[in-house]
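Visitor: A predicted structure for the sequence below; I have some questions about it.
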Amino acid sequence: MHRSVLSRRAAVAAVAAASALALVACGGGGDPLANGGSGQQSGGDAAQTIVVGSANFTESQILAEIYAQALEAKGVTIEKRLSIGSRETYMPGLQDGSIDLIPEYSGVLLQYFDKGATEVEAEAVYTALQAALPPALTVLEKSEAEDKDAVVVTRETATRLNATSIADLAPNCGQLVFGGAPEFQTRPDGIPGIAESYGCTFASYQSLDAGGPLTVGALANGDIQAANLFTTDASIKTNDFVVLEDPENNFAAQNVLPLINKEKATPEVTETLNAISAKLTTDGLIALNAEASSDAKPSPETVAKNWLDQNGLS
């Protein structure tokens, strides 16, 4: 996931953040963070407008559309700047005020702001996250819905190596190529965390996409033997992939919740977004992703509208 913690290489992260800020400032190259970015809606007074962003994977785009459409239904003026990129790319926009609202995941967000965080259970993560956020930002109520990073293998690999958990995989990691998003290679709960928690060092790493078609395709055709996918990804069931258990809790609880600029969290906005969180479930996320990946290939906007209609929130 879903669903996306600073790299231990602080210098690299700093350069990435600086680059993202530079793009925001210049507004060039079609950058979604720049004024007039992709999906922008015309609005009134900027002070009364909420700029909704998303990461660059389908589930995040759907959730952002759900937030945006529900708020628009309440008369809130919305701008949409979707598919911005990874957390390392869009977080500077939240901190400088060019983005106001984005769907997030509690555990990885906590680790982004507190690299030493050790909380793994849902309530502990949520409490620690509220204390770790910068003063200008807040999170609203967390949902039951959870989308965690996971180590995933094919059924053939799981059977051949007799592996049901990452611990079972560890003795054979040196024979396996791992694939996933570029940032997963350096995030604390990515490859470094897997190595620390399980003594698992893979033969090599292929930088692909964040739980997208490149990673799924590479795993299915054998170019890689293990992958980082999100637990709500419909392709896991479709391809009969195996999600390996995480007995050492390398991946903390990842409840979906809105991250928002405090100044924009009015009572009406808060009530609207909390009503969404009250309806979101993990099974519901799986269904949203399955709908988006169906043969009809509906847009995130359409999938979001359908969900809002079905849940009486449109």
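Guide: Cool, got the structure. Residues are numbered from 1 along each chain as shown.

Visitor: where do the helices of the stretch 51-200 of the chain begin and end?
Guide: According to DSSP state H, counting those that start in this stretch, the stretch 51-200 of the chain carries its helices in the segments 58-73, 87-96, 106-113, 122-132, 155-160, 166-169, 191-198.

Visitor: which elements pack onto the second one?
Guide: Put plainly, it is helix 87-96. In this structure, helix 87-96 makes packing contacts with helix 10-26, strand 49-53, helix 106-113, judged by 3 or more Cβ pairs under 8 Å, 6 or more residues apart in numbering; DSSP states H and E. Every residue, glycine included, has its C-beta placed from N, CA and C.

Visitor: how does it look with 6 Å?
Guide: helix 10-26 (3 or more Cβ pairs under 6 Å, 6 or more residues apart in numbering; DSSP states H and E).

Visitor: picking that back up, export the helices of the stretch 51-200 of the chain to a markdown table and append columns for mean pLDDT, mean neighbour count and distance to T282.
Guide: Shown next, in a markdown table, are those (pLDDT from 0 to 100; neighbours: other Cβ atoms under 10 Å; distance: least, Cβ to Cβ, whole Å):
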| stretch | mean pLDDT | mean neighbour count | distance to T282 |
| --- | --- | --- | --- |
| helix 58-73 | 97 | 24 | 12 |
| helix 87-96 | 93 | 21 | 21 |
| helix 106-113 | 94 | 25 | 13 |
| helix 122-132 | 97 | 16 | 12 |
| helix 155-160 | 98 | 14 | 22 |
| helix 166-169 | 98 | 20 | 20 |
| helix 191-198 | 96 | 19 | 22 |
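
Visitor: D246: which of the ones you listed is closest?
Guide: helix 166-169 (5.9 Å; Cβ to Cβ).

Visitor: alpha carbons of the closest one, as PDB, please.
Guide: Provided in PDB are the C-alpha atoms of helix 166-169 (Å, rounded to 0.1, in the frame of the first residue of the first chain):
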ATOM      1  CA  ILE A 166       9.700 -14.200   6.000                       C
ATOM      2  CA  ALA A 167      11.700 -16.200   8.600                       C
ATOM      3  CA  ASP A 168      11.200 -19.300   6.500                       C
ATOM      4  CA  LEU A 169      12.500 -17.500   3.500                       C
END
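
Visitor: what sits up against that helix?
Guide: 151, 163, 198, 244, 246-247 (Cβ atoms under 6 Å, 6 or more residues apart in numbering).

Visitor: same question for stretch 248-259.
Guide: For stretch 248-259, contacts defined as Cβ under 6 Å, 6+ apart pick out 102, 104-107, 120, 122, 125, 139-140, 142-143, 145-149, 189, 193, 197, 273, 280.

Visitor: what about A227, neighbour count?
Guide: Residues near A227, counting by other Cβ atoms under 10 Å, number 25.

Visitor: name the nearest residue to it, ignoring sequence neighbours.
Guide: Nearest residue to A227, sequence neighbours excluded (Cβ to Cβ, 6 or more residues apart in numbering): L219, at 4.5 Å.

Visitor: wait, a helix at the one you found?
Guide: Yes - L219: assigned to a helix according to DSSP: H, G, I helix; E, B strand; the rest coil.

Visitor: please renumber so the chain begins at 26
Guide: Okay, residue one is now 26; in that scheme the one you just asked about reads as L244.

Visitor: my guess is it contacts N253. True?
Guide: No - counting by Cβ atoms under 6 Å, L244 does not reach N253; the two are 9.9 Å apart.

Visitor: contacts only, for I219.
Guide: C225.

Visitor: if we can go back for a sec, show only the entries of the contacts of helix 191-194 found in strands.
Guide: Of these, the ones assigned to strands by DSSP state E are V176.

Visitor: scan the contacts of helix 191-194 and report the most crowded one.
Guide: V176 (25 neighbours).

Visitor: surely that one touches V267?
Guide: No - assessed by Cβ under 6 Å, V176 is found out of contact with V267, at 9.5 Å.
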